[in-house]
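S.K.: Give me the fold of what follows.
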Amino acid sequence: MSLEKIGHLGVESCDSGQVALDRVADFAPDLVLLDAIMPEMDGPDVLKLLRARDDTKDLPIVFMTAKVQPKEVEEYKSMGALEVIAKPFDPMPLHQQLKDIWLANQS
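M.R.: Model (predicted):
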């Protein structure tokens with residue numbers, strides 16, 4: 001809610017990694033906020049499948065996870081994530097965090 005109401009961002013929420021993969025082409029997001037742990041297919045698996053597709057291979061990805069030890073963060077980034085946001089998180093500044101991450105990675 002805070003992303004849409006406060007940050008004025010368009011949000012497509014998906015219940016699973018497979019649903020995200022099915023919807024991503026139609027939604028055409030500027031950035032994907034991906035939970036690392038999801039039912040059926042985890043975030044790293046979804047990321048690998050997004051990277052394997054021509055239409056999403058360069059899509060900016062940000063992970064959200066409670067697993068934020070330096071080794072884990074480095075692993076997510078080595079997979080191609082721009083950044084890792086730690087859980088629990090404060091929803092109020094989340095929209096600005098995402099905007100800042102996205103802007104910092106524009107070339």
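S.K.: List the contacts of Ala81.
M.R.: Ala81 makes contact with Leu34, Leu47, Ile61, Val62, Phe63 under the criterion C-beta atoms under 8 Å, 6 or more residues apart in numbering. C-beta here means a position set from N, CA and C on the backbone, and glycine is covered the same way.
S.K.: wait, what's in contact with the third one?
M.R.: Ile61 sits next to Leu31, Val32, Leu34, Leu47, Leu50, Gly80, Ala81, Leu82 when contact means C-beta under 8 Å, 6+ apart.
S.K.: Just to be sure, which of the residues you listed are found in helices?
M.R.: Per DSSP state H, helices hold the following members of those: Leu47, Leu50.
S.K.: The most centrally placed residue in the chain bridge partners, please.
M.R.: The centroid of the chain falls nearest to Leu33 when counting by C-alpha atoms, centre = their mean (2.1 Å). Beta-bridge pairing for Leu33 (DSSP bridges): Val62.
S.K.: which among the contacts of Ile61 end up buried?
M.R.: Listed as buried from those are Leu31, Val32, Leu34, Leu47, Leu50, Gly80, Ala81, Leu82; burial here means 16 or more other C-beta atoms under 10 Å.
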